[in-house]
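1. Just need the structure, nothing else, for what follows:
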Amino acid sequence: MDFLFSIVAFVVLVGVLVAVHEYGHYLVARLCNVKVLRYSIGFGKVLWSKRTGLDQTEYCLSAIPLGGYVQLLDERSEEVDANEKHRAFNNQSATKRILILLAGPFANFLFAIVAYMTMFSVGIPGVVPIIGEIESGSIAWQNNLRSGDQIVNVGGKEVQTWQASLISMIGEILDDEQIKITLKDKFGNPKYATLDVTGRTKELTAPNALMPALGLKAFYSNYQAHYRKRYS
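-> Numbers count the residues shown, from 1 in each chain. From the prediction side, this is the model:
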């Protein structure tokens, strides 16, 4: 099942990248008044096609989804009517031909910028800071933190992910060696705790040391656990 999921994800990703790349060639060719005969996502046998527009451009989905192509009118590959010779790719200026050829990679470059801007503006969902297992006798246990509790505030700062929680906790430790936490239990009732970590600053701020030292483990839903196992 995991293998099938990976294959489908790969095909979809390649399809998107190919579509963007070929659309770059297509768009600039149209802007340069070069006739576009075919815009295809995929190679090989055509599975679906439709002709539309004044030029009756054929839009296709083909059997092998590992590439694509834009077919332009060109006297070097077919006979061209006299009244359309001015629209053939081979009759364009060197500048226009270069622009059409470079348009595909440039479209992918722009797509990457837009994708990153969208990702950072929308945000990347993180793991909600719900406590999973608590080590008996640990600092967290002694301060009444329990499995199912959700951390909502650390040191006066609202937190929504484990990453934000840990960053705020480290800030608290460096500030006064105390971690002030507001939580809500599994029923939604508020809880408050102050974890005294005097003398343990160096230990707790070492890489990946904080949660084990406090006796905390994150809770992962079945989906989160599956995703974490596959990609972490």
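2. so how far is V12 from the residue positioned nearest the centre of the chain?
-> With distances taken as C-alpha atoms, centre = their mean, M119 lies nearest the centre of the chain, 6.6 Å away. Note on M119: its distance to V12, by C-beta to C-beta, to the nearest Å, is 17 Å. C-beta coordinates here come from the backbone N, C-alpha and C atoms, glycine included.
3. As a check, name the ranges of all helices in the chain.
-> Counting by DSSP state H, one finds helices in the chain at the ranges 2-31, 94-122, 139-142, 162-176, 201-204, 210-214, 222-231.
4. For R97, list the residues it contacts.
-> Contact analysis of R97 by C-beta atoms under 8 Å, 6 or more residues apart in numbering lists F89.
5. wait, Q92
-> When contacts are counted by C-beta under 8 Å, 6+ apart, Q92 touches 32, 34, 100.
6. In a markdown table: these, plus neighbour count.
-> Output for these, formatted as a markdown table (neighbours: other C-beta atoms under 10 Å):
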| residue | neighbour count |
| --- | --- |
| C32 | 18 |
| V34 | 25 |
| I100 | 23 |
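7. Tell me the one of those residues nearest L73?
-> Nearest to L73, judged by C-beta to C-beta, of the contacts of Q92 is V34 at 6.7 Å.
8. The closest one and E78, how far apart?
-> With C-beta to C-beta as the criterion, V34 and E78 are 14 Å apart.
9. again with Y220
-> Computed as C-beta to C-beta, the Y220 to E78 distance reads 59 Å.
10. per-residue confidence for H226?
-> For H226, the pLDDT comes out at 42.
11. Please list all residues in contact with the closest residue to S168 other than its chain neighbours.
-> Spatial nearest neighbour of S168, chain neighbours left out: V154 (3.7 Å); criterion: C-beta to C-beta, 6 or more residues apart in numbering. If you count contacts by C-beta under 8 Å, 6+ apart, V154 has them with 165, 168-169, 172, 179-182.
12. again with A213
-> By C-beta under 8 Å, 6+ apart, A213 lies in contact with 139, 200, 203-204.
13. Quickly list the domain ranges of this protein.
-> By the assignment in automatic domain parsing, the chain contains the domains 2-122, 131-231.
14. quick one: the shortest one to chain centroid distance?
-> Counting by C-alpha atoms, centre = their mean, to the nearest Å, domain 131-231 is centred 27 Å from the centre of its parent chain.
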